[in-house]
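Trainee: Below is the sequence, then the predicted model.
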Amino acid sequence: MKEAFLLSCSFKFSTVNFNKFMGIFNFFSKDKKESLDQGLAKTKESFFSKITKAIVGKSTVDAEILDNLEEVLISSDVGVHTTLKIIERIEARVARDKYVSTAELQNILKAEVSNLLTENNTLEVADFSAPLKSKPYVIMVVGVNGVGKTTTIGKLAYQFKKSGKRVLLGAADTFRAAAVDQIEIWSKRTEVDLIQQGMGADPASVAYDALSAGVSREADVVIIDTAGRLHNKINLMNELTKIKKVMQKVVPDAPHEILLVLDASTGQNAIEQCRQFTAATEVNALALTKLDGTAKGGVAIGISDEFKIPVKYIGIGEKMEDLQVFNKTAFVESLFSST
């Protein structure tokens with residue numbers, strides 16, 4: 001009887017854990033996987049071409065191979081800091097195992113990249129349909145002009161609405177007439193409400209109105225656009241701090257997410273922008289856009305590692321569905337899958 005009870009408990013525990021484990025992948029549909037594979041195609045092609053050249057004529061991993069691999073990672077925009085960390089870990093593996101074939105190198109590299117993303121990308125994998133921690137859940141979006149900030153906001157609005165959530169946008173980037181016009185276009189396209197005061201209005205005032213409307217209309221998500229200029233850090237910090245303080249008069253713990261949008265195709269420039277914005281405000285999530293148009297997808301690894309800020313969203317195409325919640329497991333599997 002006792003054995004049967006223990007066996008039952010063991011089975012239930014195993015089933016729960018298995019289902020929990022499989023839940024990580026359930027939302028990552030075949031269509032999403034295919035989109036991710038297509039979006040990373042240029043990065044994969046460039047990455048594996050460079051690795052093949054780095055190990056040609058060699059059967060075992062030696063100092064020369066590691067030097068070549070270091071060059072491959074840096075030229076793939078993984079970043080110097082992260083590259084050196086990866087190389088050190090592979091060196092330790094080679095020293096421990098004594099003999100490591102070049103055929104094993106890809107799997108070792110894959111494991112180390114996966115480890116880094118797991119260490120630094122600690123957000124739980126969740127789809128847009130996942131329950132939010134607050135209502136309204138307030139996302140303040142920052143980033144320079146031209147990185148796809150407004151497009152990302154529009155795609156976020158679409159994805160959240162598609163998942164059944166009520167979404168409201170706030171046009172607090174009031175320094176550029178085009179910014180207000182663009183977010184208005186996305187508002188109409190996605191059929192979500194927009195709060196705006198027009199060009200030249202006080203951004204904090206727009207944010208206040210947006211959150212007030214979000215509360216009164218029982219919105220699930222309020223997304224606030226902010227000025228897309230990277231100027232004097234002190235001015236940037238003061239402006240964003242003011243917006244946050246005003247929002248907190250309506251929702252005390254807002255914003256719940258400060259999302260920095262970066263253009264992956266700019267490679268190391270994206271890392272520098274991340275450095276500037278994290279010095280100016282408390283960024284706690286990243287969105288990497290335009291991964292489909294670049295061979296510099298390695299920047300996702302470097303940024304995640306160097307700044308210890310999780311990549312939450314990736315843009316892998318022009319369609320509204322092509323903004324995905326970043327699944328680090330799927331990303332690594334796609335990056336290292338055969339081309």
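Mentor: Perfect, thanks for sending it. Residues are numbered from 1 along each chain as shown.
Trainee: quick one, strands of the stretch 51-200 of the chain?
Mentor: For the stretch 51-200 of the chain, the strands defined by DSSP state E, counting those that start in this stretch occupy 137-142, 167-171, 193-195.
Trainee: After the shortest one, which helix or strand is next?
Mentor: So that's strand 193-195. Using DSSP states H and E, the helix or strand that follows strand 193-195 towards the C-terminus is helix 203-216.
Trainee: So for that next one, what gets flagged as buried?
Mentor: Buried residues in helix 203-216, counted by 16 or more other Cβ atoms under 10 Å: 203-204, 206-214. All C-beta spots, glycine's among them, are computed from the backbone N, C-alpha and C.
Trainee: do the same with stretch 258-272
Mentor: By neighbour count on 16+ other Cβ under 10 Å, the buried set for stretch 258-272 is 258-267, 269-271.
Trainee: Now F277: closest residue in space, sequence neighbours ignored.
Mentor: Leaving aside its sequence neighbours, F277 sits nearest to L260 (Cβ to Cβ, 6 or more residues apart in numbering; 5.1 Å).
Trainee: name the element the one you found belongs to?
Mentor: According to DSSP H and E, L260 maps onto strand 257-263.
Trainee: which strands and helices sit next to that strand?
Mentor: If contacts are counted by 3 or more Cβ pairs under 8 Å, 6 or more residues apart in numbering; DSSP states H and E, strand 257-263 sits against strand 137-142, helix 268-280, strand 285-289, strand 311-315.
Trainee: 6 Å instead?
Mentor: Judged by 3 or more Cβ pairs under 6 Å, 6 or more residues apart in numbering; DSSP states H and E, strand 257-263 is in contact with strand 137-142, helix 268-280, strand 285-289.
Trainee: Quick one: mean pLDDT for that strand?
Mentor: Mean per-residue pLDDT for strand 257-263: 95.
Trainee: Could you tell me which strands it is paired with, and in which direction each runs?
Mentor: Under the criterion DSSP bridges, strand 257-263 sits next to strand 137-142 (parallel), strand 285-289 (parallel) in its sheet.
Trainee: next one: the host helix or strand of N238 to chain centre, how far?
Mentor: Element membership for N238, per DSSP H and E: helix 233-247. Centre-to-centre, helix 233-247 and its host chain are 23 Å apart (Cα atoms, centre = their mean, to the nearest Å).
Trainee: got the angle for that helix vs strand 137-142?
Mentor: Interaxial angle of helix 233-247 relative to strand 137-142 (axes from the mean of the first three to the mean of the last three Cα atoms, to 10 degrees): 160 degrees.
Trainee: what comes up buried for helix 233-247?
Mentor: 236, 239-240, 243-244, 246-247.
Trainee: same thing with stretch 278-288?
Mentor: Across stretch 278-288, burial judged by 16+ other Cβ under 10 Å covers 278, 280-281, 283-288.
Trainee: Go through the buried residues of stretch 258-272 and say which is closest to S101.
Mentor: Checking these against S101 with Cβ to Cβ, the nearest one is G267 at 31.2 Å.
Trainee: Now tell me what touches the helix or strand hosting S304 from outside.
Mentor: S304 is part of helix 299-307 when elements are defined by DSSP H and E. With Cβ atoms under 6 Å, 6 or more residues apart in numbering as the contact definition, helix 299-307 has outside contacts at 77-79, 81-82, 113, 116-117, 120-121, 264, 267, 270-271, 274, 278, 288, 311.
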